[in-house]
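Participant: I would like to see how this sequence folds:
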Amino acid sequence: MKTFPVLDPTLLGQVGRGFCALAVMTKAPQAGLVKTRLVPLLTPDEAAELNRSFLRDTAAAISNACCRRPVGDAASKSLPLQGSASHREAATTRAMGIAVYTPVGSEPLYTDILPNNYSLFPQRGEKFGERLYFAAEDLFKCGFDSVCLIDSDSPTVPAENFATAVELLNTSDDRVVLGPCEDGGYYLIGLTKPHRELFEQIDFRPCAAREKLVSKSNCCRLDMTLTMPRAYAACATNCCATMFGPISPRIRESLYASSSRRRSYSGVL
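Facilitator: Just a heads-up that it's a prediction; the model follows:
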């Protein structure tokens, strides 16, 4: 069975210099614990399968971004080769796909979801803001130069957006990069330093999240960039009600598989 390395912030030498962590925040897709707002429109099992489809698409896009060769001057900023294939690859990708997951013990559930080049990292903290901050702080401790925290509810975001975030973070020692969504929220926040204040007393409702985060960034006098292309946030409710953006074959298949409830959302497929 395929297994993934689990990163440990207390260990040195896990990550080479110059890497960005493209870290998707995820709760293990267990029936009854994910996408619960879709029940009873979907059964708990169907909602969990939809969650798996979202995560597969997001993880695949992140993996594709990690395989991109840096553009422009960045292509010449290779890491020193140290003999192994992994170090030679690291010299060109400059990013790693990470699944920041909960709960601990659910690692086997990601076997058929994540690409082979992923690593796992356990979440800690109680409130959502704490989990985001601790994920960033711990990933920096692992040795990453920059960190992008990515939601798992925007499966239509293309790999180019993630690659753009990595490049933008490489241009400053202290920068915040935000990937905005049409609903007023954001699908990505990129950091070169773990600014705790960005995640404290923040309203994470989509209609207010981005505005509050930008305001907090301005108050802290941080260099924030919002030049990344907007992406439709394919939230779970919208997938079953009205789809304004593209829908992947994987998600389409998950929705159609729920044959007993097909009439509820057949008009959007």
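
Participant: Residue ranges in the stretch 51-200 of the chain under the pLDDT threshold?
Facilitator: 69-93 (pLDDT under 70).

Participant: Kindly recompute the last result at 50.
Facilitator: 72-91 (pLDDT under 50).

Participant: which residues of it fall in helices?
Facilitator: 85-93, 128-141, 159-169 (DSSP state H, counting those that start in this stretch).

Participant: and of those helices, who's closest to Val34?
Facilitator: Closest approach to Val34 among the helices of the stretch 51-200 of the chain is made by helix 128-141 (14.5 Å; C-beta to C-beta). Bear in mind the C-beta positions are built from the backbone N, C-alpha and C, glycine included.

Participant: same for that closest one, what does it pack against?
Facilitator: Helices and strands touching helix 128-141, by 3 or more C-beta pairs under 8 Å, 6 or more residues apart in numbering; DSSP states H and E, are strand 20-27, strand 95-102, strand 118-122, strand 146-150.

Participant: With distance to Thr171 and mean neighbour count added, can I get those in a markdown table?
Facilitator: Converted to a markdown table, the helices and strands packed on helix 128-141 look like this (distance: least, C-beta to C-beta, whole Å; neighbours: other C-beta atoms under 10 Å):
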| stretch | distance to Thr171 | mean neighbour count |
| --- | --- | --- |
| strand 20-27 | 12 | 25 |
| strand 95-102 | 15 | 25 |
| strand 118-122 | 25 | 20 |
| strand 146-150 | 11 | 27 |
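
Participant: Now tabulate the helices of the stretch 51-200 of the chain in JSON lines and tack on distance to Val39 and mean neighbour count.
Facilitator: Formatted as JSON lines, the helices of the stretch 51-200 of the chain follow (distance: least, C-beta to C-beta, whole Å; neighbours: other C-beta under 10 Å):
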{"stretch": "helix 85-93", "distance to Val39": "39", "mean neighbour count": "14"}
{"stretch": "helix 128-141", "distance to Val39": "21", "mean neighbour count": "20"}
{"stretch": "helix 159-169", "distance to Val39": "31", "mean neighbour count": "21"}
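
Participant: Of all these, which one is nearest Asp57?
Facilitator: helix 159-169 (10.9 Å).

Participant: Return the list of helices and strands in contact with that closest one.
Facilitator: strand 20-27, helix 44-66, strand 95-102, strand 146-150, strand 175-180, strand 186-191.

Participant: CA atoms of that helix as PDB?
Facilitator: The C-alpha trace of helix 159-169 is given here as PDB (Å, rounded to 0.1, in the frame of the first residue of the first chain):
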ATOM      1  CA  ALA A 159      -1.800  24.800 -11.400                       C
ATOM      2  CA  GLU A 160      -0.700  28.100 -12.900                       C
ATOM      3  CA  ASN A 161      -2.200  30.000  -9.900                       C
ATOM      4  CA  PHE A 162      -0.200  28.000  -7.500                       C
ATOM      5  CA  ALA A 163       3.000  28.400  -9.500                       C
ATOM      6  CA  THR A 164       2.300  32.200  -9.600                       C
ATOM      7  CA  ALA A 165       2.100  32.300  -5.800                       C
ATOM      8  CA  VAL A 166       5.400  30.500  -5.500                       C
ATOM      9  CA  GLU A 167       7.100  33.000  -7.800                       C
ATOM     10  CA  LEU A 168       5.600  36.000  -6.100                       C
ATOM     11  CA  LEU A 169       6.800  34.800  -2.700                       C
END
